[in-house]
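Sequence plus predicted model, see below.
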Amino acid sequence: MSDSSPASAPAPVAARPSAVVLDVWCELQCPDCHRALDDLHALRERYGDRLEVRLRHFPLEKHQHAFAAAQAAEEALEQGKGWAYVEAVLGRVEELTRGGEPFLVEVARELGLDAEEFDTALIDGRHILIVDADQAEGKAIGVTGTPTYVIGGERLDGGKSQEGLRARVEEIADRLLTGQG
């Protein structure tokens, strides 16, 4: 058979490069994570779907409501509004500190999520294993504070200083995307 016959296989289509993954080890009661939101917005705007930003939980013991907030974020993800919920809570860190779990349920209600299901999820602990697994993995790779970013196998600690972190993430993402394309 010649290449021009109808029975020949079509020419391979160039595969779209897979997205670069940016793991963001975050804690929803952390003021530094709140400040990191501007960088995350800028990264999403610059890269669109070429950068997959994944929330990873790293609740710190010094923040009383951080573990519950991580579980609540997982429930929001399950209900289809994970990042919207994370951003809403991070935007009101002081209210979380004062209001605890009732505040977490109220934010869910404000976003149109099933607040009763949120309350039940916080009581029955259905997302504890996810939060525990993220925290254990974070500890295993050397995460000690939040926010911490992992991209292309490199860990960037934003808990000490966020100065220059977005530029470093962009440098790594550009290198990885160029290597894939």
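Here it is on my side, so go on. Numbers count the residues shown, from 1 in each chain.

what helix or strand is the residue nearest in space to the middle of the chain on?
Nearest to the geometric centre of the chain sits Leu55, at 1.8 Å (CA atoms, centre = their mean). Following DSSP states H and E, one finds Leu55 within strand 51-57.

now for that strand, which elements pack on it?
strand 20-26, helix 31-47, helix 66-78, helix 82-90, helix 128-140 (3 or more CB pairs under 8 Å, 6 or more residues apart in numbering; DSSP states H and E). The C-beta positions use only the backbone N, C-alpha and C, and glycine is treated the same way.

That strand versus helix 128-140: what angle between them?
With axes from the mean of the first three to the mean of the last three CA atoms, to 10 degrees applied, the angle from strand 51-57 to helix 128-140 works out at 100 degrees.

just checking, what packs against the lowest-mean-pLDDT helix or strand in the chain?
Lowest on mean pLDDT, DSSP states H and E among the helices and strands of the chain sits helix 165-180, with a mean of 89. Contacts defined by 3+ CB pairs under 8 Å, 6+ apart place helix 165-180 against strand 20-26, helix 31-47, strand 148-151, strand 154-157.

rerun at 6 Å
strand 20-26, strand 148-151 (3 or more CB pairs under 6 Å, 6 or more residues apart in numbering; DSSP states H and E).

Return the most buried member of these.
Using mean count of other CB atoms under 10 Å, the stretch among these with the largest mean neighbour count is strand 148-151, at a mean of 24.

who does that strand pair up with?
strand 20-26 (antiparallel), strand 154-157 (antiparallel) (DSSP bridges).

contact partners of it?
With contact meaning CB atoms under 6 Å, 6 or more residues apart in numbering, strand 148-151 is reached by Leu22, Asp23, Val24, Trp25, Leu156, Asp157, Val169, Ile172.

Excluding covalently adjacent residues, which one is nearest to Gly112?
Counting by CB to CB, 6 or more residues apart in numbering, Lys81 is the residue found nearest to Gly112 once chain neighbours are left out, at 7.8 Å.

Could you report the separation of the one you found from Phe67?
To Phe67, Lys81 is 20 Å away according to CB to CB, to the nearest Å.
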